[in-house]
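> Sequence and predicted structure below; questions after.
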Amino acid sequence: DGGITQSPKYLFRKEGQNVTLSCEQNLNHDAMYWYRQDPGQGLRLIYYSQIVNDFQKGDIAEGYSVSREKKESFPLTVTSAQKNPTAFYLCASATGEVTQPQHFGDGTRLSIL
Amino acid sequence: GNSVTQMEGPVTLSEEAFLTINCTYTATGYPSLFWYVQYPGEGLQLLLKATKADDKGSNKGFEATYRKETTSFHLEKGSVQVSDSAVYFCALSRVSGSARQLTFGSGTQLTVLP
């Protein structure tokens, strides 16, 4: 079945450490997105990519970095510069057409040790 | 700019009750509108969508009509079940440069009691 796979499901970060969240899709979608969700909150856009080797900052990009070397993959690195990283991170992909929805993975929950 | 305002929760209903979750939007042009559902510990799943004025999206007994005159996309279900307990998000599509993005409401927590 086609879909989006995020890993790991749970992740713990130590002070000063960078961690990378994986996102892979086999839907042949051009566009991919990373969101942050805090308890009781909506989704905030971190980064997005419309094509391979290109990505753009979203609303809350500070302290995060991404790469898009392959169409299927869009990993997110939470750097030590992100002082409040504890949140639920969601990856999504889409065809890029305005009438088509985004498809979401099951998320990664990041916590601080 | 574009924005989505959702009815604040939490909402608690008894099984078989009627559900309405209000959603209004502000947008330029003609956005597409979506309702997503999120079950505990999971990602978002598309529930239904509407892409032009007066369209009605429907799925699993849920319905929403794209009302351009009132800039609304309220979610309704005639008889809720315990399994409908989840968080519901209203969203609109927007264009930023050449990119298609979603603007989300803050979500409405629904609990259905047996």
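That came through, no problem. Just so you know, these numbers come straight off a predicted model, no measurement behind them. Residues are numbered from 1 along each chain as shown, chains lettered A, B, ... in the order given.

> which ones are touching the residue nearest to the spatial centre of chain A?
By Cα atoms, centre = their mean, chain A has its centre lying nearest to A:Trp34, at 3.0 Å. Neighbour list for A:Trp34: A:23, A:45-48, A:58, A:64, A:66, A:74, A:76, A:89-92 [criterion: Cβ atoms under 8 Å, 6 or more residues apart in numbering or on different chains]. Using the backbone N, CA and C atoms, a C-beta is placed for each residue, glycine as well.

> leaving aside the residues next to it on the chain, what's closest to it?
Leaving aside its sequence neighbours, A:Trp34 sits nearest to A:Ile46 (Cβ to Cβ, 6 or more residues apart in numbering or on different chains; 4.3 Å).

> right, and the one you found touches A:Tyr35 too?
Yes - at 6.4 Å, A:Ile46 counts as touching A:Tyr35 under the criterion of Cβ atoms under 8 Å.

> what are the phi and psi values for B:Gly107?
Dihedral pair for B:Gly107: phi 90, psi 150, per degrees, to the nearest 10.

> do A:Glu69 as well
phi -90, psi -20.

> roughly how far apart are the residue of chain A most remote from its centre and chain B?
Within chain A, the residue lying farthest from the chain centre (Cα atoms, centre = their mean) is A:Thr99, at 21.8 Å. According to Cβ to the nearest Cβ, to the nearest Å, A:Thr99 stands 4 Å off from chain B.

> Mind pulling the model confidence for that residue?
Per-residue confidence (pLDDT) for A:Thr99: 79.

> same thing with B:Met7?
The model reports B:Met7 with a pLDDT of 85.

> Convert stretch A:79-92 to CSV, retaining C-alpha atoms only.
Extracted C-alpha coordinates of stretch A:79-92, given in CSV (Å, rounded to 0.1, in the frame of the first residue of the first chain):
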residue,chain,number,x,y,z
THR,A,79,19.3,21.1,16.0
SER,A,80,20.6,22.1,19.5
ALA,A,81,19.6,25.6,18.5
GLN,A,82,15.9,24.6,18.9
LYS,A,83,15.5,25.3,22.6
ASN,A,84,12.0,23.9,23.0
PRO,A,85,11.9,20.8,20.8
THR,A,86,9.4,18.7,22.8
ALA,A,87,6.5,18.2,20.4
PHE,A,88,4.7,15.8,18.0
TYR,A,89,6.2,16.1,14.5
LEU,A,90,4.2,15.3,11.4
CYS,A,91,5.4,14.8,7.9
ALA,A,92,3.0,15.1,4.9
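
> May I see the buried residues of that stretch?
A:82, A:85, A:87-92 (16 or more other Cβ atoms under 10 Å in any protein chain shown).

> in the sheet, who's paired with residue 34?
As the question left the chain open, I've gone with chain A. Taking DSSP bridges, one obtains A:Tyr47, A:Cys91 as the residues bridged to A:Trp34.

> hmm, I had chain B in mind actually
Assessed by DSSP bridges, B:Phe34 has beta-bridge partners B:Lys49, B:Ala91.
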